[in-house]
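Peer 1: Below are the sequence and a predicted model; questions follow.
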Amino acid sequence: MTDLDNMLLEKLKTIYDDKDFIVGIFSNADNQDDRQRIVDYIDAGEEVTVENLLLLSVFLDNKRHHPERNLAGNEEF
């Protein structure tokens, strides 16, 4: 694991220390840039919930791997 991966892991554990939640985030955010965006989101501290983190990770996965699912054409979250 990279330093970024370890940092994200520790931050996720403080929010919800659940194996399925953490594996889900890491599976969806399989790119270092996406993982950094999640860390940045957590650090911003606005509406950081389990649900919002899961949604962000799915959004980032769809944006990277399934752009056809982005029907609104929105590039930002």
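Peer 2: Arrived safely, thanks for sending.
Peer 1: Spatially nearest residue to Ile38 (excluding sequence neighbours)?
Peer 2: Ala29 (5.7 Å; CB to CB, 6 or more residues apart in numbering). Yep, even glycine has a C-beta here, placed from its N, CA and C like the rest.
Peer 1: Just give me the neighbour total for the one you found.
Peer 2: Using other CB atoms under 10 Å, Ala29 is surrounded by 24 other residues.
Peer 1: so which helix or strand takes in the residue positioned nearest the centre of the chain?
Peer 2: With the centre of the chain defined as its mean C-alpha position, the nearest residue by CA atoms, centre = their mean is Ser57, 3.5 Å away. Using DSSP states H and E, Ser57 sits in helix 50-65.
Peer 1: just to revisit the earlier point, got a list of what the residue nearest to Ile38 touches?
Peer 2: Shown in contact with Ala29 (CB atoms under 8 Å, 6 or more residues apart in numbering): Arg35, Arg37, Ile38, Ser57, Leu60, Asp61.
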